[in-house]
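Undergrad: Fold the following.
(2 chains)
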Amino acid sequence: MLARIRLTFKQHRFETMAVTIVCVALTATALVEAYRLNSLNVPLACLQTYQGGYMTVIGGPSQGPVTAAQAQCNELANSFFDMRRSLDMNLVQLLLLLVPLLAGIVVGAPLVAREIEQGTAPLSWALAGSRRRWLLGKVLAGVLLLASLMLAVGLAANVLEGALNPGLNPYASFSNYLGRGVMDVFWALAAFAGTFALGTILGRTMPAVVLALVVCFFARAAWDSGMTHFVLRPFAVQQVQQDQLQQQGYVVYGPGGPSTADLYVYYKSFIDGKEVTDAEVNAWYNLNMVCVPISTPTSSDSTSPAGTGSPGASSSPGGMPTPDESGVDSGVPCQNPTIDPSHMPQQVTYVIPGGWYWQTVALESGLLLLGSLFCGAIAFVWVDRRRPY
Amino acid sequence: MAGDPGAPIGTTALAAHGLSKRFGRKVALDAVDLAVPAGSVTALVGPNGAGKTTLIRVCMAFERPNSGGVEVDGVDPWKHRSEALRRVGYVPQTPAVYRGLSVEDHLSMARSLHSGFDASYARRRLEQLGIPLDQRADTLSGGQAAQLGLAVALGTRAKVLLLDEPLANLDPLARREFIQVLLDAVRSEGSTALLSSHIVTDVEDACDRLVILGGGKIRLDCPLEEARQTHRLTEADSPPPGATAVGSFLGKGGQKVMTLWRLATVANGEGAAHGAGGTGDAGPSPEAASLEDVVLGYLAAGRGAGLQLN
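TA: Got it, this is the predicted structure:
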């Protein structure tokens, strides 16, 4: 089997070399970019109090006059954000997202298809009693190559993610989690398995590449939504239920979840304990939160059962969606009615906490692996039945 | 015309029984019965599209027959593929070599795929031909690439060798070398070879048995010598006594229509070549038919292009 693997690398030396060079270069570049960011040594406090608004969820922008220390802080933070926004940094991040899929496609497409195109399949299949064993040798070579390279790329992406978000533990955070770490390995393997299955069925390299690109694009685009709707919700519900038990009531998180490390899944709205839709929330606001003119009471009083409110009442408490305030007549001073907060719409944001990173990654990696095995199984069945030309 | 149904069990290296294969509406093989005796070198001759490649591909389990079946050394390749393929050495139609792999790499690959592959045997044969083992296979000449394919097939030490038009793209010298290596191997190993070709002269000196395939049917299946002795050629439609017409076709130069006749009995000696059965009273004396004439006659009959003779 070792000889088969070695010869497979040699046979596909162009793809092997190309993918290796790209992955090594990308790994090195990501590490260099991370080093550049880290070498700025920007204190986390500077980023949290930066006037530009970084991590406003955590710390919020500082108020008041700018001190000398704050100015120095801002200067450092400016350099940090300039580097983060730079073209090369964006390019590296884009490549880190794309390379696992592209590498899988490039390695997988010619595995069987080129043998059929170049007429070498009859030679090999005549020698190999079992075509599946023949394919296994080739697949193992591809898996070894991709797993080792993508692990390096994924780890470098983790390092870069840590550098891009100081104070964030990449192994306990969902920030860009689909494009880094072991997920890179499994994305590459899934693309590889899908593409070599397509190559086996089609028997042509280029059509397999094109089709695989399309399939991978849609699979990747649909992944978030699919995961959210069908897989991750139970996790998030479980977490929210825990929090509810602890807090004896609704959990009202801010936009994006309670922290940047968490993974937002979805939200639900409630009015007086009853689950309602967004439209019903809007209707409630339109009915109850109509701006009441301060000086001249109008007929709108009759549509506001809560009566006149006190100044300063929030129109969107708890990060609620901004209600439709079509009742406000600009130019006329008015105030919102006062309503008992316990009767206002409440929003529960379902998130998976960053601490559940490994469980979630294991789950999603497992699903990708299942998909890979399914595609591989199709290829193994097909290769046994197809013509070698 | 059926093959050799009377061949005793154990002496048939390759057999087809009622073998049919269709591709859509096109019939590639039509109820073919064939028996290739063990130890023979059989020429499978026919025009392009006759079904030669399909027959070999069915034997290699590359194609599934629509009806009937084949047995390679007694094993049905479609039902027991790995077992059947262990008994077969295969040389494909065009020399298929892996670009970027050396000759030695090809032998390594064959060894890794075929448990019984004798790499040293194959290596010796290639060295005898002066083919450098470290040379990249895609830089070999056509003849050398064909020899590499043959060496790989011979290295399997298979009982049956199936060669699918391996000579088609070779120059005359390379053809001769190829045939010689094949014959040496077959004789020394006692194996059986089925060599397909659409060029009769390629196989005339190498084979001891002739199978003519045309339109998906076996037109003739007999020892090569018998094919020569039982056929005569005339210019006119006057048959030799007891002979039946096979087919008519344009002779060399395209001036005369020649008719191939099959004799009822095997003609012996020189006299037979000039007048089967000693007759010479009905028109011009029949000539001894060359192998090419025999093939042309049967192919003309198969196409229905021959003159209608009684």
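Undergrad: Looking at chain A, which residue is nearest chain B?
TA: A:Gly129 (3.0 Å; CB to the nearest CB). The C-beta positions use only the backbone N, C-alpha and C, and glycine is treated the same way.
Undergrad: ok, B:Leu101 touching B:Met109?
TA: Yes - the pair B:Leu101 and B:Met109 qualifies as a contact (CB atoms under 8 Å) at a distance of 7.1 Å.
Undergrad: got any residues that touch both of these two?
TA: Common neighbours of B:Leu101 and B:Met109 (criterion: CB atoms under 8 Å, 6 or more residues apart in numbering or on different chains): A:Leu7.
Undergrad: So between the two, which is more surrounded?
TA: Each of B:Leu101 and B:Met109 has its neighbours counted (other CB atoms under 10 Å in any protein chain shown); B:Met109 has more, 28 against 19.
Undergrad: and the closest residue to that one other than its chain neighbours, how many residues sit next to it?
TA: Once flanking residues are discounted, B:Met109 sits nearest to A:Leu7: 5.2 Å by CB to CB, 6 or more residues apart in numbering or on different chains. With neighbours defined by other CB under 10 Å, the count for A:Leu7 comes to 21.
Undergrad: same deal with B:Val103?
TA: For B:Val103, the neighbour count with other CB under 10 Å is 26.
Undergrad: Nearest residue to it in space, ignoring adjacent ones along the chain?
TA: B:Leu133 (4.8 Å).
Undergrad: before we move on, the earlier item: is it true that the residue nearest to B:Met109 touches B:Leu101?
TA: Yes - between A:Leu7 and B:Leu101 there is a contact under CB under 8 Å: 6.8 Å.
Undergrad: Tell me the residues that contact both of those two, please.
TA: B:Met109.
Undergrad: returning to what we had before: the nearest residue to the residue of chain A closest to chain B once chain neighbours are set aside: which element?
TA: For A:Gly129, ignoring the flanking residues on the chain, the nearest one in space by CB to CB, 6+ apart is B:Ser82 at 3.0 Å. For B:Ser82, the element it lies in under DSSP states H and E is helix B:81-85.
Undergrad: again, but for B:Pro240
TA: Under DSSP H and E, no helix or strand contains B:Pro240.
Undergrad: how about the strands of the stretch 151-300 of chain B, start to end?
TA: Under the criterion DSSP state E, counting those that start in this stretch, strands of the stretch 151-300 of chain B are mapped to B:160-164, B:192-197, B:209-214, B:217-223, B:231-234, B:244-250, B:257-262, B:287-288.
Undergrad: Rebuild those strands as JSON lines, extending it with mean neighbour count, mean pLDDT and distance to B:Val88.
TA: Compiled in JSON lines, the strands of the stretch 151-300 of chain B are given as follows (neighbours: other CB atoms under 10 Å in any protein chain shown; pLDDT from 0 to 100; distance: least, CB to CB, whole Å):
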{"stretch": "strand B:160-164", "mean neighbour count": "24", "mean pLDDT": "93", "distance to B:Val88": "5"}
{"stretch": "strand B:192-197", "mean neighbour count": "26", "mean pLDDT": "91", "distance to B:Val88": "10"}
{"stretch": "strand B:209-214", "mean neighbour count": "25", "mean pLDDT": "90", "distance to B:Val88": "17"}
{"stretch": "strand B:217-223", "mean neighbour count": "21", "mean pLDDT": "89", "distance to B:Val88": "20"}
{"stretch": "strand B:231-234", "mean neighbour count": "24", "mean pLDDT": "84", "distance to B:Val88": "32"}
{"stretch": "strand B:244-250", "mean neighbour count": "20", "mean pLDDT": "81", "distance to B:Val88": "33"}
{"stretch": "strand B:257-262", "mean neighbour count": "22", "mean pLDDT": "83", "distance to B:Val88": "33"}
{"stretch": "strand B:287-288", "mean neighbour count": "16", "mean pLDDT": "76", "distance to B:Val88": "36"}
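Undergrad: can I get those in CSV with distance to chain A?
TA: Formatted as CSV, the strands of the stretch 151-300 of chain B follow (distance: least, CB to the nearest CB, whole Å):
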stretch, distance to chain A
strand B:160-164, 9
strand B:192-197, 14
strand B:209-214, 20
strand B:217-223, 23
strand B:231-234, 35
strand B:244-250, 33
strand B:257-262, 35
strand B:287-288, 40
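Undergrad: count of residues packed around A:Tyr285?
TA: 22.
Undergrad: So it: helix, strand or coil?
TA: Following DSSP: H, G, I helix; E, B strand; the rest coil, we place A:Tyr285 in the helix state.
Undergrad: I'd like to know how far it sits from A:Ile339.
TA: 10 Å (CB to CB, to the nearest Å).
Undergrad: Roughly how far does B:Ala146 sit from chain A?
TA: 12 Å (CB to the nearest CB, to the nearest Å).
Undergrad: out of all of them, which helix in the chain is the longest?
TA: Going with chain A. When chain A is parsed with DSSP state H, its longest helix is helix A:131-164.
Undergrad: not quite, I wanted chain B
TA: Per DSSP H, chain B has its longest helix at helix B:172-189.
Undergrad: And the average pLDDT for it is what?
TA: Helix B:172-189 carries an average pLDDT of 86.
Undergrad: Can you give me the buried ones in it?
TA: For helix B:172-189, a neighbour-count test (16 or more other CB atoms under 10 Å in any protein chain shown) marks B:174-179, B:181-182, B:185-186, B:189 as buried.
Undergrad: hmm, which two among those are most spread apart?
TA: Longest distance between any two of those is 22.2 Å, between B:Ala174 and B:Glu189; criterion CB to CB.
Undergrad: quick revisit: in a helix, the residue nearest to B:Met109, correct?
TA: Yes - remark: A:Leu7 belongs to a helix, assigned using three-state DSSP.
Undergrad: Check what pLDDT the closest residue to A:Leu149 other than its chain neighbours gets.
TA: Nearest non-adjacent residue to A:Leu149, counting by CB to CB, 6+ apart: A:Cys23, 4.0 Å away. Looking at A:Cys23, its pLDDT reads 97.
Undergrad: Angles on the backbone of A:Cys23, please.
TA: Per-residue torsions, A:Cys23: phi -70, psi -40 (degrees, to the nearest 10).
Undergrad: now B:Val97
TA: phi -130, psi 150.
Undergrad: How confident was the prediction at it?
TA: 89.
Undergrad: Run through the residues that contact it.
TA: Applying CB under 8 Å, 6+ apart, we find B:Val97 in contact with A:120, B:106, B:137-138, B:140, B:145, B:148-149.
Undergrad: Model confidence for residue 121, exactly?
TA: In the absence of a named chain, chain A is used. On pLDDT, A:Ala121 comes in at 91.
Undergrad: ah, no, chain B please
TA: pLDDT for B:Tyr121: 91.
Undergrad: Distance check, it against A:Leu127.
TA: Taking CB to CB, one finds B:Tyr121 at 15 Å from A:Leu127.
Undergrad: again with B:Ser82
TA: Distance of B:Ser82 to A:Leu127, computed by CB to CB: 11 Å.
Undergrad: higher neighbour count, those two?
TA: Using other CB under 10 Å, the more surrounded residue of B:Ser82 and A:Leu127 is A:Leu127, with 24 against 14.
Undergrad: Run through the residues that contact the more buried one.
TA: B:85, B:109-110, B:113-114, B:117, B:152, B:156.
Undergrad: The same query, at a cut-off of 6 Å, please.
TA: B:110, B:113-114 (CB atoms under 6 Å, 6 or more residues apart in numbering or on different chains).
Undergrad: Which of those residues sits closest to B:Lys252?
TA: Lowest distance from B:Lys252 to these (CB to CB) belongs to B:Ala110, with 43.9 Å.
Undergrad: Compute the inter-axis angle for the helix or strand that closest one falls within and helix A:131-164.
TA: Using DSSP H and E, B:Ala110 maps to helix B:103-113. Interaxial angle, helix B:103-113 versus helix A:131-164 (axes from the mean of the first three to the mean of the last three CA atoms, to 10 degrees): 110 degrees.
Undergrad: How about residues contacting helix B:103-113?
TA: Contacts of helix B:103-113 (CB under 6 Å, 6+ apart): A:3-4, A:7, A:127-128, B:117, B:119, B:122, B:133, B:135, B:137, B:148, B:152.
Undergrad: Perfect, that will be all.
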